[in-house]
Every structure is written in structure tokens, then in C-alpha cells.
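*Asks:* please find the sequence and the predicted model below.
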Amino acid sequence: MQMQEPFTPSTTRRRLRGGALLVALLMAIVGLQAVATAHPDTGGGKAAGPHEWDASMQPGEPGPEPAAVARPAGVTVLGHADPGGFNADVVAHRRHAYLGSWGNRGLPHLSGTWNVFCPSQGVRVFDLHDPSNPSHVSTFADGDEGAGELEGTWTEKVIVESFRGRDIAAVSIQNCARDPETGALDTGTHRGWGLWDVTDPANPERLALVFSDVRDGGSHEIWLKRRGNRLYVYTAVILSEFLTAPAPDTPGVPDFQIWDVSDPTDPEQVGEWGAWAELGVHPFAGFGASPANFVHSIVGAVVGNQHRAYLSYWDLGTVILDVSDPANPQFLGRTDFGPGEEGNAHSAWLARGGNILIQADEDFAPVGPDSFEDAWGYARIFDISDPANPVQLSTFEMPSTRQFPPPGPGFFSVHDPKVRGNTLYLSYYAEGVVVVDISDPANPRKLAQFVPEPSEDPFGFFFPGVAFPNVWGVYVDRDYVLASDINNGLWVFKLDRSGR
């Protein structure tokens, strides 16, 4: 097992030398746009590296095909709706799809200005009673709502839960308003999260906006968890412990926060947890190409009689907490990485009643520092029946995972996992949605793959003038699957298992 070095100023300088501190910090906070610095639309004129796509390059040798089931399933596309990009995650509730949107705070051009993209498109709601014809019925949490309080934000994550006769949507909100000349962030722009009543999906009503600290970027991802007659929000505020630190050696406000929203008009914070304060692990005591430890994503579950939260904590792995007492989260254990592995625990999902964990490690810098593996991000499967001692059972890679140059334009990292029964659904950017049989978690086998029709990035942000698949999210609902493509919107498809 690869252990973290103790944090000292010298180890931090060694890990982040050559200006990498800025890059790591920005990558951690803003995600995808750090990749865009390698492409012509940023104005940097940087030549393509060995891991980047360039039309003049011959793709490298692909890796082996993953093990497959004896009779793969087919894929039938049912419907598609394109509300205009950029799109983010997708969930479904009561035959409606909720499609988030993406923006960014930008990175500086070599010319000195900032590449800022902040359309404030909010959450788009689609009626799925006829899956072949998703119908756009409303938009909320966008820049035009109310008095424009959410202008200059992006809303990538939405969760919907039924509670006390109402359907409540929790939405992550991050600020992306920046002066393109000076790079100064607008400190008055909302950052945090919000709650909406979507009992009538065609007429969402705002219930509350919660502001996070002006020094952080807001809630990156969010979870909404009902417990009997109580309702809780779990939220991830990336690098909050670092950004709000009152002194270099003193942790700030923890990245993971728990709020009681049983009265959704009056949220109350009741708990928090941070690895710097609780484990003594500094936010930049990580490893690999983006060395950092921060909460990126959260899922919640009940295992036995224990309420748990699973924090995707980047280079720290997946941290497992007992949150049965929301005011006093208890550390149970975490996953780890082997020597030379990149890290980057980005998101997770559970199977087998909480005994199996699927961890998706997102990696947009596949050619890493010396002594680290060269690979796009891939999935890991753990036995966490003993949360104090997670055991890695297997990994799942695609042929493109270690193929350099890649087979075409796009990003070949895994993104998010979802599970229904013994079937794992992985959103996989340029690889679309990869469906995996995990009936034997130690030997995952590819079952099917859906790749949406490639389309051009509508804003010329990634690969101007080039069509490519770019799937962000996946969600299983009823007998169909939803996929969100960053470039071209919502897709509805189903698996055809008739030949199996």
C-alpha cells in the first residue's frame, strides 16, 4: 500500500514545484477546464503532448479488450433531447429527468486574459412519460431565475427525494463569474447550494439558497438523504479546509458538511468532517500529477443499522464515515492506492447491500510524473464488508485507457458509476456509457456499450470544429438508462438482453 508522506513545507514544495501548485489548485476546484489549456482555443498555442489528440497523429496501440460476457447485450436508443450545452449530471424522479449544466472559472491564456465560460443555464427538466420524446417542461436554478441571484454560477449536480408529501430537489451551486482581464472572481456571486420544490416539475419553486464561505467555490457535488422524518443534505466543498484556513498550519472549514433540511425553507448545519483536522492529512499531501486531498463527491447509504457517507477524497481514496449521529461523524476506514498509481478517487457507488464499493478514478493527465502509471482514469472494485480494511478485488479498463496518442478526440477517463443489481453503468466521456456485469466483483465483464452520436463542442471550448462523444452522467430509471452528453444533451436508451 502506498502511504502518504507526512506534510511538511519541503515535501509540499517538492510535489508542487514549477508552478504546479496553481495548476493543482485550479484543477481541483474547476475540474475539466484544466485540460483545455492544451488545446488551441485557449490561445496558448501549446503543441499536443503524447496523451493528447491531434488530427496529425497516428493513434497508439490500444490495450487489451476487457473480459466480456458470453452473450453481450445490445443497445436501443429510445430518445434524445438537446437543450444546448454545456450539460452536466442527470438524475430521474417520477418519470422526469433533471439535467444539470456546467460552467467554469477558466484558466489564464498565455496572452494574459482568462478563458471564462459561465452561461448559468441551471437545471433543465424533461418529461419522460414518453421516453422516445423527452419534453422540456421547465428550467430552474439558472441565471434568469428570480432577481438573477444565480447569474454567474453553474449547477452540475441535482438530487431529488420525496419527503413529507413533496418532491425536493437539492442543487449544487458553484460560482464562475470572473473578470476576463484581471482574473478576479466576483465575490458577490452565489456559491453554495439550494433547495427547490419540484412536486410539480413544470413549476419548480425555490425554497432556500445556502451560501458557503466567500473564500471557497461553493458546493461541487451534493447528496440528499431521507432518514425517517428527517431530511439531510451532504455536500462537498472542494478544498474548503485549505481555502478557509486561518493560518498555514490550521485547518479551515471542512470540505464535508451535513445540513438538516427537514424544514427545507430553513436549512441548519449540524455536522462536518475534514481529513486535515481529523486525520492530520494536509490538502496538498497527495501524489501523482494532481497531488491533493479534497472531497469531490459523496454518496450516502444505510448498511445494517448504520448510516454511512462515502467521501471521494481524491488521493486519500474513498473515506467511509459513520454519520448515524450527524453532529459527530466517525471515521471507519478508507480505500488506498498502490505504488505508482495516480490516485484521484472522484466518485463512488455501492453494490451488494453496501459490501461492494465501485470507485471511479478520474484522470485528465494520463501521462504522469516519473514513477507513476501512464493511464487515463479507470474503475476499481473493493470489498468493504470490513470498512476498516477495504480490499481491492479488481479493476476495469478500456483499450483506450493506456493508448497514447488516444484513438480520437475527447477524454478517455471514467467519470461516474451507478449500479442496479449486478450491473454496473459507467459514464466514460468519449467512451460513452460502458455497462459491466459485476455478478463476480473480482472478475468484471463488459456487457454493453452506448456511444452517443458525436457532436461538436457548441462553444469551441475543447476541440473547436471537431465532433466527439462527451458523456458526463448516467442514471438507471425503470427499464431504461439516461445519459448526459456535455455537448449534446440527454439520451435515453435501453439494453436488449433478448439474445442472452
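*Replies:* Yes, it's here. The shown structure was predicted, so the numbers you read here are calculated from the model rather than taken from an experiment.
*Asks:* okay, CA-based contacts and neighbour counts for the rest of this
*Replies:* OK.
*Asks:* okay, and the helix or strand of this protein with the least pLDDT?
*Replies:* For the chain, scoring each helix and strand by mean pLDDT, DSSP states H and E identifies helix 9-15 as the least confident one, at a mean of 32.
*Asks:* now the strands for the stretch 101-250 of the chain?
*Replies:* Along the stretch 101-250 of the chain, counting by DSSP state E, counting those that start in this stretch, strands occupy 123-127, 135-140, 153-154, 158-163, 166-175, 192-197, 205-211, 221-227, 230-236.
*Asks:* pLDDT on the third one, on average?
*Replies:* Averaging pLDDT along strand 153-154 gives 94.
*Asks:* over to the second one?
*Replies:* The average pLDDT within strand 135-140 is 98.
*Asks:* which strands or helices does that strand pack on?
*Replies:* strand 123-127 (3 or more Cα pairs under 8 Å, 6 or more residues apart in numbering; DSSP states H and E).
*Asks:* go again with 10 Å.
*Replies:* Other helices and strands packing on strand 135-140, by 3 or more Cα pairs under 10 Å, 6 or more residues apart in numbering; DSSP states H and E, are strand 74-81, strand 96-101, strand 123-127.
*Asks:* cool, and the shortest one?
*Replies:* When contacts are defined as 3+ Cα pairs under 10 Å, 6+ apart, strand 153-154 sits against strand 96-101, strand 166-175.
*Asks:* one more time with 8 Å, if that's ok
*Replies:* Using 3+ Cα pairs under 8 Å, 6+ apart as the contact criterion, the secondary-structure elements in contact with strand 153-154 are strand 166-175.
*Asks:* need the residues that contact the strand it packs on.
*Replies:* When contacts are defined by Cα atoms under 8 Å, 6 or more residues apart in numbering, strand 166-175 is touched by residues 105, 141, 152-162, 189-199, 217-224, 233.
*Asks:* for that strand, the distance to its chain's centre please.
*Replies:* Once both centres are worked out by Cα atoms, centre = their mean, to the nearest Å, strand 166-175 turns out to sit 15 Å from its chain's centre.
*Asks:* kindly calculate the angle that that strand makes with strand 96-101.
*Replies:* Regarding strand 166-175 and strand 96-101, their directions subtend 10 degrees when assessed with axes from the mean of the first three to the mean of the last three Cα atoms, to 10 degrees.
*Asks:* where does the stretch 251-400 of the chain have low pLDDT?
*Replies:* Counting by pLDDT under 70, the stretch 251-400 of the chain contains no low-confidence residues.
*Asks:* helix, strand or coil for Thr401?
*Replies:* In the three-state summary, Thr401 is assigned as helix, counting by DSSP: H, G, I helix; E, B strand; the rest coil.
*Asks:* give me the distance between the two termini of stretch 143-158.
*Replies:* Using Cα to Cα, to the nearest Å, one end of stretch 143-158 lies 16 Å from the other.
*Asks:* can you list the residues that contact it?
*Replies:* The list of residues contacting stretch 143-158 from outside it, by Cα under 8 Å, 6+ apart, reads 87-91, 98-104, 118-123, 141-142, 169-177, 189-191, 220-222.
*Asks:* now do stretch 301-318
*Replies:* Counting by Cα under 8 Å, 6+ apart, the neighbours of stretch 301-318 from elsewhere in the structure are 256, 286-287, 291-300, 319-324, 334-337, 342-348, 353-354, 359, 361.
*Asks:* among those residues, name the buried ones.
*Replies:* Buried members of these, scored by 16 or more other Cα atoms under 10 Å, are 256, 286-287, 291-300, 319-324, 334-337, 342-348, 354, 359, 361.
*Asks:* strands - which of those residues land there?
*Replies:* Those of those mapping onto strands are 256, 297-300, 319-322, 334, 345-348, 359, 361, per DSSP state E.
*Asks:* re the thing from before, which of the helices and strands packed on strand 135-140 sits most buried?
*Replies:* For these, ranked by mean neighbour count under the definition mean count of other Cα atoms under 10 Å, the leader is strand 96-101 at a mean of 26.
*Asks:* list the helices and strands that strand packs on?
*Replies:* With contacts defined as 3+ Cα pairs under 8 Å, 6+ apart, the packing partners of strand 96-101 are strand 87-93, strand 123-127, strand 158-163.
*Asks:* and stretch 258-268, what's buried?
*Replies:* Buried residues in stretch 258-268, defined by neighbour count with 16+ other Cα under 10 Å: 258-262, 264, 267-268.
*Asks:* determine which two of the residues you listed are furthest apart.
*Replies:* Checked with Cα to Cα, the buried residues of stretch 258-268 reach their widest spread between Ile258 and Pro264, with 13.8 Å between them.
*Asks:* so who does Pro329 touch?
*Replies:* When the contact criterion is Cα under 8 Å, 6+ apart, the partners of Pro329 are 271-273, 321-323.
*Asks:* tell me how far the residue lying closest to Tyr232 once chain neighbours are set aside lies from Asp186.
*Replies:* Once its chain neighbours are removed from consideration, Tyr232 has its nearest residue in Asp260; the separation is 4.6 Å (Cα to Cα, 6 or more residues apart in numbering). Distance, Asp260 to Asp186, using Cα to Cα: 29 Å.
*Asks:* Gly343 against Phe337, yeah?
*Replies:* Yes. With contact taken as Cα atoms under 8 Å, Gly343 and Phe337 are classed as touching, separated by 6.3 Å.
*Asks:* picking up where we left off before, right, so the strands of the stretch 101-250 of the chain: which one is the most enclosed?
*Replies:* For the strands of the stretch 101-250 of the chain, where neighbours mean mean count of other Cα under 10 Å, the stretch averaging the most is strand 153-154, with a mean of 35.
*Asks:* give me the sheet partners of that strand and which way each runs.
*Replies:* Strand 153-154 has the following sheet partners, assigned by DSSP bridges: strand 166-175 (antiparallel).
*Asks:* return the strand it pairs with as PDB; C-alpha atoms alone will do.
*Replies:* The C-alpha trace of strand 166-175 is given here as PDB (Å, rounded to 0.1, in the frame of the first residue of the first chain):
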ATOM      1  CA  ARG A 166     -43.300  16.900  -1.600                       C
ATOM      2  CA  ASP A 167     -40.500  16.300  -4.000                       C
ATOM      3  CA  ILE A 168     -37.400  18.200  -3.000                       C
ATOM      4  CA  ALA A 169     -34.500  18.900  -5.400                       C
ATOM      5  CA  ALA A 170     -31.100  19.700  -3.900                       C
ATOM      6  CA  VAL A 171     -28.700  21.500  -6.300                       C
ATOM      7  CA  SER A 172     -25.000  22.200  -6.100                       C
ATOM      8  CA  ILE A 173     -24.100  25.800  -7.000                       C
ATOM      9  CA  GLN A 174     -20.600  27.000  -7.900                       C
ATOM     10  CA  ASN A 175     -19.500  30.500  -8.900                       C
END
